[in-house]
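Enquirer: This is the structure alone, sequence omitted:
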């Protein structure tokens, strides 16, 4: 009887482990499909990065908002799009600009989904002077530190962009919702 109980326990454990393995494998496949567009076989990295860059450049232009500082409600998103949108403009096959408020960042493809990011540090410093004439000087060093960065840009969908900077907080951008006519 004891052997029978151990056999049932062992069988149950094997089924549980097998189910866990299948769930993890599904998670791996989903991630591989989302980021590379394939689930099987080895990747041909230059082709995948070329494809991802082309997809990004086809879809990135337009009006966006930072998702980090708003509630995810229709009213909040619509208000942010109307009042403080971020404009992304494709400049050529290898670069685009992002304008937010009074400053502009230019992104130039470095390799794959890696971009050189050049910030308009003069405009940022001027903007801080307008906001705080006496306290802006303490903000100059971080502005200069981030004037040229390397960033990785992942288009999570046609409406969501994730940007990872080498020296900063990751940015999530959402495409502005179409306006109701």
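Expert: Arrived safely, thanks for sending. The structure presented is a predicted model; accordingly, all values stated were derived computationally and were not measured. Numbering: from 1, shown residues only.
Enquirer: How many residues are close by residue 144?
Expert: 13 (other Cβ atoms under 10 Å). No exception for glycine: its C-beta is placed from N, CA and C like everyone else's.
Enquirer: Hmm, it is touching residue 121, no?
Expert: Yes - with contacts counted by Cβ atoms under 8 Å, residue 144 reaches residue 121, the gap being 6.0 Å.
Enquirer: Give the bridge partners for the spatially most central residue of the chain, please.
Expert: In the chain, the centroid-proximal residue (Cα atoms, centre = their mean) is residue 162; its distance is 0.5 Å. Note on residue 162: beta-bridge partners by DSSP bridges are residue 154, residue 172.
Enquirer: my guess is it meets residue 171, correct?
Expert: Yes - using Cβ under 8 Å as the test, residue 162 is close enough to residue 171 to be in contact (7.4 Å).
Enquirer: Which residue ranges make up the domains of the chain?
Expert: Domain assignment for the chain by automatic domain parsing gives 1-40, 45-175.
Enquirer: and those as TSV, adding mean pLDDT?
Expert: Formatted as TSV, the domains of the chain follow (pLDDT from 0 to 100):
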stretch	mean pLDDT
domain 1-40	67
domain 45-175	88
